[in-house]
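In: with the input below, show me the fold.
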Amino acid sequence: MAKKTVELPKNAYTELKSGEKYVPIIQANETLKEITFRSVGWGIFMCVLFTLASAFLGLKVGQVFEAAIPIAILAVGMSNLFKRRNTILENVIIQSIGAMSGVVVAGAIFTLPAMYILKLDQSVGVSIWKLFIVSLFGGILGILFLIPFRKYFVADMHGKFPFPEATATTEVLVAGEKGGDQAKTLLFASLFAGLMDWLVYTFHTWPEVVTSRIFEAGRNVADKIKMEFRLNVLASILGLGYIIGLRYSAVIVAGSFLSWYVLVPAVSYFGQHLLLSVPPAGVDSLISGMNAETIFRTYVNKIGIGAIAAAGIIAIIKSYKVIWNAFAKGFGEIFKSKKTTASAKIVRTDRDLKMSTIIFGIVIAILLILIFFRFFVLNPVEGAWKLSLIAFAMVTVFAFLFTTVAARAIAIVGSSPVSGMTLMTLILSSVFLVSAGLTGTYGMLAALLIGGVVCTALSVAGGFITDLKVGYWIGSTPWNQQRFKFLGALVASLSVAFFIPILAKAFGFSPTPEHTDPLAAPQANAMAAVLNSLMSDQPVPWLLYGIGIFITLAMELGKMPSLAFALGMYLPIELTLPLVIGGLIGYIVAKASKDTKVSNERKDKGTLIASGFIAGGAIMGVVASFLRVIKIKGATIESALSRGWDVKPFGGWLALGAYAIIIAYLLFVSIRTKKTKK
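Out: The predicted structure is shown next:
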């Protein structure tokens with residue numbers, strides 16, 4: 001039995017010939033433990049841990065790292081700690097429950113922080129339970145809407161979709177059955193990165209961001225022509241750049257170069273002699289008195305918002321065939337005759353939740369959404385029933401339409417245009433709500449909650465198809481994966497709803513007197529800017545949005561990845577430069593040997609280390625968040641531990657030295673891989 005569980009069949013990744021069948025590692029007539037106290041308990045623990053870590057890092061850099069791979073590595077590593085090793089099917093369940101963390105977080109942080117940015121927490125109130133309900137409903141709909149598509153994606157299209165993330169996760173689980181030190185490598189990297197980042201977050205041993213102002217020449221350039229070099233020295237962001245890769249990260253940083261080294265100096269040059277403020281700046285704010293960062297936040301990132309919106313909408317338009325095919329397939333699956341289903345003998349590896357259960361669950365979920373909007377969101381507003389029905393319709397239509405698109409995108413390239421589809425949902429929902437007479441704070445609240453449900457649904461659907469494909473290759477019972485995916489949705493929704501208010505208090509999501517260095521939250525800020533324009537009487541910087549739109553169109557005409565470029569235009573450059581450095585390290589590691597096997601092993605080891613950097617740094621970010629809000633004798637724990645060296649003249653040099661050590665760890669430990677024995 002042991003030998004049968006460690007090798008994937010040769011046709012696992014290839015299209016099947018006529019009459020050929022795929023037989024998973026654990027065959028349908030075999031029975032191994034799947035649902036145990038061990039698998040469910042560890043799955044819940046991983047879900048909570050990685051929900052908090054994903055939320056922190058996602059709001060900081062605008063990228064949610066996928067938790068499936070590190071969770072799979074940890075699941076395999078932990079099985080060696082006990083006398084009875086986990087079965088491979090138990091590890092699938094651990095990974096399946098835990099992986100709900102990243103996908104629920106993506107749905108939540110792209111929309112819900114906008115409530116704090118728009119100060120809805122002060123005007124209409126933003127309770128934890130509302131955040132929880134939105135994430136939970138989105139997760140449930142994403143699961144239910146996707147189940148009818150399981151056979152199509154994982155079986156009918158076997159070998160036709162590459163499933164990059166599912167492939168990596170499956171390889172980890174299978175390799176774990178053979179043994180190895182993957183978990184040890186990940187653990188050491190996590191501890192190292194966690195320590196380095198914690199010295200920044202809590203002890204303030206050196207600054208998080210190093211600027212060219214540490215040099216006299218850099219200060220002169222920054223003051224005179226508003227060109228400033230800025231670098232974030234956190235290990236977690238460097239690791240993220242390694243995972244993203246050189247090409248994608250280079251496109252992101254190219255967008256930042258355009259914003260920071262072309263547009264910011266241009267605004268400064270043409271505005272330095274103006275004696276009046278230029279909207280959207282305040283009446284007392286002159287361009288001549290702004291530094292590079294203020295010019296970026298006031299004007300240039302608005303161009304980035306326009307670029308992001310255009311890139312997202314173009315992605316939807318380009319996917320119209322996928323949308324139509326997915327829509328048709330959904331109806332075909334849902335309305336299959338019961339007679340056909342009953343006549344077929346269902347084997348263990350092909351057992352899904354009953355279609356009647358799925359339809360019943362969808363009906364109950366969308367009715368509860370209607371009740372939620374009517375009595376708990378729009379109750380004080382005139383015409384609450386009419387407006388709630390509009391919200392109900394928007395959630396139902398967009399969630400069904402977009403979840404299948406997200407799943408297909410994940411199956412093909414490993415990522416989906418979540419932000420673009422959510423932005424379209426937000427705009428269309430706002431148009432319908434405004435036409436029905438709902439504007440102002442309640443209009444913003446309703447639109448954001450609609451967007452939050454839809455965004456979470458399509459994010460969950462994309463992640464769920466990965467889990468189902470992993471289970472298909474290994475031989476899990478789909479019914480078990482589907483049932484316990486709801487548990488993962490519940491745990492992740494509770495965790496993210498609890499943590500977002502803490503992050504809002506500890507860091508904030510937009511610059512305020514209290515939070516001068518907030519989490520970037522680029523997608524949430526973009527959503528807030530669009531909503532503020534649609535739902536209030538504030539002047540809209542249409543010219544700046546329009547410039548961004550035309551930049552995206554130019555990128556599309558040049559057949560460049562416009563969404564990545566637009567994201568770079570919006571993000572602060574200190575968050576994009578480390579990405580390209582990490583991508584460059586990955587390129588060097590991959591090219592350091594002419595032996596293909598050695599090169600692949602080194603690259604994979606670097607991926608493990610980078611994943612450890614991300615996980616360790618993000619977890620310490622979570623710890624630091626709590627230390628910023630927990631008080632003892634009137635002072636926060638962070639203030640008691642802080643060394644304050646980050647503001648000293650030598651702080652920047654300490655940061656550069658620490659960053660060199662982090663780079664050396666990632667580079668040299670990755671390259672130090674022995675040649676594979678033949």
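
In: shouldn't I632 be in contact with S639?
Out: No: I632 is beyond contact range of S639, at 9.9 Å (criterion: C-beta atoms under 8 Å). Using the backbone N, CA and C atoms, a C-beta is placed for each residue, glycine as well.

In: tell me which of these two has more neighbours.
Out: Each of I632 and S639 has its neighbours counted (other C-beta atoms under 10 Å); S639 has more, 15 against 9.

In: can you list the domains in this structure?
Out: Split into domains by automatic domain parsing, the chain comes to 37-181+353-506, 190-314+533-671.

In: so how far is the first residue of the first one from its last?
Out: If I follow you right, that is domain 37-181+353-506. 35 Å (C-alpha to C-alpha, to the nearest Å).

In: how far is that domain from where the chain is centred?
Out: 10 Å (C-alpha atoms, centre = their mean, to the nearest Å).

In: now it: mean pLDDT?
Out: In this model, domain 37-181+353-506 carries a mean pLDDT of 83.

In: tell me how many other residues crowd the nearest residue to N301 once chain neighbours are set aside.
Out: Spatial nearest neighbour of N301, excluding adjacent residues (C-beta to C-beta, 6 or more residues apart in numbering): Y570 at 5.4 Å. Y570 has 27 neighbours, counted by other C-beta under 10 Å.

In: now T441
Out: 16.

In: can you name the next helix or strand after the host helix or strand of it?
Out: Assigned by DSSP states H and E, T441 falls within helix 440-474. With elements assigned by DSSP H and E, the helix or strand that comes after helix 440-474 is helix 478-506.

In: what is that following helix packed up against?
Out: Here helix 478-506 touches helix 37-61, helix 88-98, helix 100-109, helix 128-146, helix 440-474, helix 596-629, going by 3 or more C-beta pairs under 8 Å, 6 or more residues apart in numbering; DSSP states H and E.

In: just checking, what packs against the helix or strand following that helix?
Out: Proceeding N to C from helix 478-506, the next assigned helix or strand is helix 522-535, under DSSP H and E. Contact analysis of helix 522-535 by 3+ C-beta pairs under 8 Å, 6+ apart lists helix 114-117, helix 301-318, helix 418-435, helix 440-474, helix 562-570 as its packing neighbours.

In: return the set of buried residues in the fourth one.
Out: By neighbour count, and taking 16 or more other C-beta atoms under 10 Å as the criterion, the buried residues in helix 440-474 are 441-474.

In: specify the angle between it and helix 478-506 in degrees.
Out: Orientation of helix 440-474 against helix 478-506 (axes from the mean of the first three to the mean of the last three C-alpha atoms, to 10 degrees) gives an angle of 140 degrees.

In: can you report how many residues neighbour the closest residue to L258 other than its chain neighbours?
Out: Spatially, and ignoring its direct neighbours in sequence, L258 is nearest to M569 (6.2 Å; C-beta to C-beta, 6+ apart). Look at M569: counted by other C-beta under 10 Å, it has 30 neighbours.

In: separation between M569 and G271?
Out: 19 Å (C-beta to C-beta, to the nearest Å).

In: how about K160?
Out: 54 Å.

In: swap in G19?
Out: Distance from G19 to G271, by C-beta to C-beta: 71 Å.

In: so between these two, which is more surrounded?
Out: Comparing G19 with G271 by other C-beta under 10 Å, the one with more neighbours is G271, at 18 against 5.

In: so the more buried one touches I287, yeah?
Out: Yes: under the criterion of C-beta under 8 Å, G271 makes contact with I287 at 3.2 Å.

In: which residues do these two both contact?
Out: V278 (C-beta atoms under 8 Å, 6 or more residues apart in numbering).

In: ramachandran angles for V210?
Out: Note on V210: its backbone torsions stand at phi -100, psi 130 [degrees, to the nearest 10].

In: quick check: bridge partners of it?
Out: With DSSP bridges applied, V210 shows beta-bridge pairing to L231.

In: isn't it up against A655?
Out: Yes: with contact defined as C-beta under 8 Å, V210 reaches A655; the gap is 4.7 Å.

In: okay, and the common contacts of those two?
Out: V233.

In: ok, now how distant is T87 from V589?
Out: 34 Å.

In: neighbour-wise, which of those two wins?
Out: V589 (26 against 19).

In: which residue of the protein sits farthest from its center?
Out: L275 (42.8 Å; C-alpha atoms, centre = their mean).

In: so who does that one touch?
Out: Applying C-beta under 8 Å, 6+ apart, the residues contacting L275 are L286.

In: swap in A618?
Out: A53, S54, F56, L57, F65, S236.

In: now, which of the residues you listed sits nearest K10?
Out: F65 (31.6 Å; C-beta to C-beta).

In: hmm, T636 and L627 touching each other?
Out: Yes: contact criterion C-beta under 8 Å: L627 and T636 qualify, at 6.7 Å.

In: higher neighbour count, these two?
Out: L627 (19 against 16).

In: list the contacts for that one?
Out: With C-beta under 8 Å, 6+ apart, L627 has these contacts: T202, T636, I637, E638, L641.

In: and if we set it to 6 Å?
Out: T202, I637, E638 (C-beta atoms under 6 Å, 6 or more residues apart in numbering).

In: so the first one versus V453, what's the distance?
Out: In this structure, T202 and V453 are separated by 35 Å, where distance is defined by C-beta to C-beta.

In: go on, the second one?
Out: Using C-beta to C-beta, one gets 36 Å for the distance from I637 to V453.

In: now swap in K33 and tell me
Out: K33 is 35 Å from V453, by C-beta to C-beta.

In: go on, M157?
Out: Applying C-beta to C-beta to M157 and V453 gives a distance of 28 Å.

In: please apply the same query to T425.
Out: The value you get for T425 to V453, if C-beta to C-beta is used, is 9 Å.

In: tell me the secondary structure at P649.
Out: Counting by DSSP: H, G, I helix; E, B strand; the rest coil, the backbone at P649 sits in coil.

In: OK, contacts around it?
Out: Contacts of P649 by C-beta under 6 Å, 6+ apart: none found.

In: distance of it relative to I661?
Out: From P649 to I661 the distance is 21 Å (C-beta to C-beta).

In: where does pLDDT dip in the stretch 501-650 of the chain?
Out: Where the stretch 501-650 of the chain drops to pLDDT under 70, the residues are 537-540, 625, 628-629.

In: circling back to that earlier point, would CSV of the contacts of L627 with secondary structure, neighbour count and distance to F486 be doable?
Out: Listed next are the contacts of L627 as CSV, based on DSSP: H, G, I helix; E, B strand; the rest coil; neighbours: other C-beta atoms under 10 Å; distance: C-beta to C-beta, whole Å:
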residue, secondary structure, neighbour count, distance to F486
T202, coil, 21, 36
I637, helix, 16, 36
E638, helix, 20, 37
